[in-house]
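Participant: The following comprises the amino acid sequence and a computationally predicted model.
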Amino acid sequence: MQPSNVPPRHPPNAALIKQKQRGFLTGLANVHASRGSPLPPALTAVPYPHNYDPASSQWKNLECSNELGAFRLAGKDIDLFKLWGIVCQLGGGQKVAQQNAWSQLLPQFDLPEYLPVPMSNGQRATSAILANYYNAVIQPFEDAYRRNVQDTNRKAMMTAGRPPGAPGGPNNPPNMPSQSPSSVHPGTSSQLSGPVNNMMGLLNQSMSGGQSASISITGSPTTPASQTLPQSPRPQHGGPSTSSSLSGTHSFSDSLAGHSLVPPLSNTSVGPLPSSVGNEHHEQDAPGMKRRFESEELDGKRTKLKIGGTELPDALPPASVDRTSQNLATSVPPPASSRPLTRTKIEYIPLAREVDTYGGRDLNILEDEYLRSQRRPMRDINEWGTVDIEALTMSIRCRLTVELSYALTTLTLLSTMKGPTPGSGFPIAQCSDLLEEVLDLLEDEAFDGVTDTPQYCLTEDTQIPRHRELVAITLETELLPFAGLKSQQNLRKTDHGPRHRSSQVILAVVNIIRNLSVIPDNMQFMAKHDRTLELMLRVCGVIVPQERGPPRPISPALSISDLINVRKDVLNILSNLSVTIAFPQSTPPSESTVRICTRIFQLVASILIEPADAIPPTQMLKLSGIPFHTCKPPSLSDLALDVFTHIAHQDHNRKIFSTVIPQQWLWRLLETLVYRLPVSDPDFAFLSRESWLSYLEKATMAIYTIAFLSPPELKQKIKSDRSLHFSQIMLRMAQRFAATNASPEARQWFLSTARRAIEAMKAVDGGEDAFDTSQATQPTLAFGMGFGESGETNVERGMGMLAGRRDAAWELLMQRDVDQTMFAELESLMRVE
């Protein structure tokens, strides 16, 4: 064994590695600049050429890292210098592709086997995408570097007086036959297939010097078939770089044999590399490099880099063999036992599924299940088979826990089923006994046999707890320390053994009644039922103690949080049934009618008299902080207005409200409704949204209803109160709604609101009792303007509410869409009689 004259290896220092990295990045930038596709300066620290437009860069979608010379892949930083050094140690990009060894590089950069999110074409293999990045970014530099080294060796051999193709020369080492491009394995292209995020744009790009090569995102660079393989390169003199300028160059050089190369780039410079490596070192080290190269080829085993380090060595350990073994190896291959044993490093990674959880719940799985449930069609009522209604009724009547749970679950499913025809469902009208048992169950669980108050009425001193007040009490209670550990024994019956909480049964029954009220076939029956409305309204009642304590539910089985849910469900039930609700026409009204009317008003007023919501739309938008395009009116307030306007639409129902509700509460409700109307120009900008237009129309209709049923004393207060500004606000609304520039189809909705505003002013201006029938029905004939659409028989009389604002009233009268009835009412508001 002859000792090698190669100097011993020394551990590289950080400064030397940085110097080599800068030289590598400079050369990489020069190669791509010569190809007409310069790399981004954030990647190589080399600025763009003077006349180059960065907007047309093919690399503008390449995600550069904060570190110089690195890009991002799968959330990790990929150092180009480190990647090139490792690939060179493995034999070059083409050798790695032939051996399908790109996956061995993934642990070096802590890359996953598959991308978390697939590419646009479904590609998820990280190794294939890393190979495509290498082929597009580093492969042109590798080819140029390889050609420069070959040219340097060829010039060195010619200087030494030996032709480049002579046997035994550095350009034609022993046992290294040249191969044509056809010898490259055909599987190379398929092994490198995969997207490069469509960011490279290097397909069929012209090369300088009149020759062209195609760098495809699905394979290695193509090569003309007539080109032969250059022989083993060894730099000697005058080369721009040497084998020791980058780590892993020795094993990279011996892997060049047997691979096709792209056509050479004319006038292509790799760029300046570190000056620490000179030509004198090549001349001194050329014999040792040649012997080491030949010994490695004879041995048939190239030196491998131990995958797992982060630093790149300056040179590999020299392979020292004697000349005798080299001569014998030309004819007889070395035995397998003589090859050095290699140790493989095995790393065990625990197999675990990465789950993004929030509080222990995987939201992605929950969202997928929710979307899957929405795609499932609702079953028809006939698909559930036959249900014995008598058995269901008996199960509720027996009050056994198991039977009651089965009956309520079955009835909940039946209440959500659709019937064979549109608008049909479970016909509760045909199961009157079942409905009675359900109402009995609700009454027993909520009140435990306690009868209702016979004389239930609303006075001016009665306090109506607001909805936000109940929510604040619940929030304050739940935020106390150990609030969830407090016992609620008073809400659970224990005399009959373990059973459901009464509040759970109440919520289940109220939910069933709400589902049944949605079906149009059940609305008329449920609205006229003797117990349904009265029991629902009683359950959602609230008691305010005389000692100024916090309000509590009427039902001892409910908590404040349960009461809030029940009140919302009852409000939805009233909204579904409000069109068909008609109070009995009896004088005076019965106790049951008084209780129903009073509790409906209390429920509606508890939501509408909230000061925080009694503001114009613009102020509501500022307080909520919601963007304009997503801002909507308060849902509960909109629902309460819908209930009140529909129930009080009939004159007989209005008369009951006028009889039962005190003037103080009518004034308070009217005041909060007027404050909700738009005043400024930004407020009227909300009218372009359908939800806000519907909300303001309901508010105007509610104001007209209160003005109609108010007694004369209250009307006079509304007219004379200067802080309310009733006439100014209503006139401005009528002007803006009547002068809208909406489409002809939508103008009818704006005119309807304007008409309600004028009617409300007319009802207040008259100052008469709308339900007083003692006055003469035939008005006195009058001459001039003010006649209705039927001639002299309808004379509009007025007290001059708009007499001080005649200019605005005349402008409103000149609108083309004002009909005769609206014209007569406006004219009477301007005239004082």
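Facilitator: Yep, that arrived. Just so we're clear, the structure is a prediction, and the values are computed from it rather than from any experiment. Residues are numbered from 1 along each chain as shown.
Participant: Tell me the confidence at the closest residue in space to Phe726 that isn't next to it in sequence?
Facilitator: Leaving aside its chain neighbours, Phe726 sits nearest to Ile718 (5.5 Å; criterion: CB to CB, 6 or more residues apart in numbering). (Each C-beta comes from the backbone N, C-alpha and C, glycine too.) pLDDT, Ile718: 91.
Participant: again, but for Leu475
Facilitator: pLDDT at Leu475 comes out at 90.
Participant: what's the distance between Val117 and Arg124?
Facilitator: Distance, Val117 to Arg124, by CB to CB, to the nearest Å: 8 Å.
Participant: what's the one helix or strand Trp810 maps to packed up against?
Facilitator: If you go by DSSP states H and E, Trp810 is part of helix 806-813. Judged by 3 or more CB pairs under 8 Å, 6 or more residues apart in numbering; DSSP states H and E, the packing partners of helix 806-813 are helix 726-738, helix 820-830.
Participant: Between those helices, which one is closest to Gln619.
Facilitator: Closest to Gln619 of the helices and strands packed on helix 806-813, according to CB to CB: helix 726-738, at 14.5 Å.
Participant: Against which helices or strands is the next helix or strand after the closest one packed?
Facilitator: Next helix or strand after helix 726-738 toward the C-terminus (DSSP H and E): helix 744-766. In terms of contacts (3+ CB pairs under 8 Å, 6+ apart), helix 744-766 is packed against helix 690-709, helix 712-720, helix 726-738, helix 820-830.
Participant: Run the angle between the longest one and helix 712-720 for me.
Facilitator: What that stands for is helix 690-709. 130 degrees (axes from the mean of the first three to the mean of the last three CA atoms, to 10 degrees).
Participant: next one: the last one
Facilitator: Between helix 820-830 and helix 712-720, the angle formed by their directions is 80 degrees, by the same axes, to 10 degrees.
Participant: Convert the C-alpha atoms of helix 820-830 to PDB, please.
Facilitator: The C-alpha coordinates for helix 820-830 follow below in PDB (Å, rounded to 0.1, in the frame of the first residue of the first chain):
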ATOM      1  CA  GLN A 820    -105.000  60.400  -4.100                       C
ATOM      2  CA  THR A 821    -105.400  59.000  -0.600                       C
ATOM      3  CA  MET A 822    -101.800  60.000   0.400                       C
ATOM      4  CA  PHE A 823    -102.300  63.400  -1.300                       C
ATOM      5  CA  ALA A 824    -105.500  64.000   0.700                       C
ATOM      6  CA  GLU A 825    -103.900  63.100   4.000                       C
ATOM      7  CA  LEU A 826    -100.800  65.300   3.400                       C
ATOM      8  CA  GLU A 827    -103.000  68.200   2.400                       C
ATOM      9  CA  SER A 828    -105.100  67.800   5.600                       C
ATOM     10  CA  LEU A 829    -101.900  67.800   7.700                       C
ATOM     11  CA  MET A 830    -101.000  71.200   6.300                       C
END
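Participant: quick one: buried residues of that helix?
Facilitator: Across helix 820-830, burial judged by 16 or more other CB atoms under 10 Å covers Thr821, Met822, Phe823, Ala824, Glu825, Leu826, Glu827, Ser828, Leu829, Met830.
Participant: Which secondary structure elements does that helix sit against?
Facilitator: Using 3+ CB pairs under 8 Å, 6+ apart: helix 820-830 touches helix 744-766, strand 787-788, helix 806-813.
Participant: before we move on, what about the longest one?
Facilitator: Counting contacts by 3+ CB pairs under 8 Å, 6+ apart, the secondary-structure elements packed against helix 690-709 are helix 635-647, helix 651-660, helix 663-675, helix 744-766.
Participant: Quick one: residues in contact with stretch 541-554.
Facilitator: 447, 463, 465, 469-470, 473, 538-539, 555, 559-560, 562-563, 599, 602, 606 (CB atoms under 8 Å, 6 or more residues apart in numbering).
Participant: among the residues you listed, which ones are buried?
Facilitator: Looks like these have 447, 465, 470, 473, 538-539, 555, 559-560, 562-563, 599, 602, 606 buried, using 16+ other CB under 10 Å.
Participant: which of those residues lies closest to Ala527?
Facilitator: Closest to Ala527 out of those is Arg599 (15.3 Å), distances taken as CB to CB.
Participant: Which helix or strand contains the nearest residue to Phe426 once chain neighbours are set aside?
Facilitator: For Phe426, ignoring the flanking residues on the chain, the nearest one in space by CB to CB, 6+ apart is Leu414 at 4.7 Å. Here Leu414 sits within helix 401-416, counting by DSSP H and E.
Participant: which strands and helices sit next to that helix?
Facilitator: Counting by 3+ CB pairs under 8 Å, 6+ apart, helix 401-416 packs on helix 389-398, helix 432-447, helix 502-518.
Participant: Including mean pLDDT and distance to Ala699, could those helices go into a markdown table?
Facilitator: Listed next are those as a markdown table, based on pLDDT from 0 to 100; distance: least, CB to CB, whole Å:
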| stretch | mean pLDDT | distance to Ala699 |
| --- | --- | --- |
| helix 389-398 | 94 | 42 |
| helix 432-447 | 93 | 33 |
| helix 502-518 | 94 | 25 |
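Participant: for the ones you listed, which one sits closest to Gly419?
Facilitator: Of those, nearest to Gly419 by CB to CB is helix 502-518, at 12.0 Å.
Participant: circling back: tell me what angle the helix holding Leu414 forms with helix 432-447.
Facilitator: Per the same axes, to 10 degrees, the angle that helix 401-416 makes with helix 432-447 is 120 degrees.
Participant: quick thing: my sequence starts at 634, can you match it?
Facilitator: Taking 634 as the first residue, the last one we looked at is helix 1034-1049.
Participant: okay, helix 1034-1049 in CSV with CA atoms only?
Facilitator: Extracted in CSV, the C-alpha atoms of helix 1034-1049 (Å, rounded to 0.1, in the frame of the first residue of the first chain):
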residue,chain,number,x,y,z
THR,A,1034,-88.3,8.0,32.5
VAL,A,1035,-87.5,5.5,29.8
GLU,A,1036,-91.0,5.8,28.2
LEU,A,1037,-90.9,9.6,28.4
SER,A,1038,-87.5,9.8,26.8
TYR,A,1039,-88.6,7.5,24.0
ALA,A,1040,-91.8,9.5,23.4
LEU,A,1041,-90.2,12.9,23.4
THR,A,1042,-87.4,11.8,21.1
THR,A,1043,-89.9,10.2,18.6
LEU,A,1044,-92.2,13.2,18.7
THR,A,1045,-89.2,15.5,18.1
LEU,A,1046,-88.3,13.6,15.0
LEU,A,1047,-91.9,13.5,13.8
SER,A,1048,-92.2,17.3,14.3
THR,A,1049,-89.3,17.9,11.9
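Participant: how far off helix 1022-1031 does that helix point, in degrees?
Facilitator: 130 degrees.
Participant: buried ones in helix 1034-1049?
Facilitator: Glu1036, Leu1037, Ser1038, Ala1040, Leu1041, Thr1043, Leu1044, Leu1046, Leu1047, Ser1048, Thr1049.
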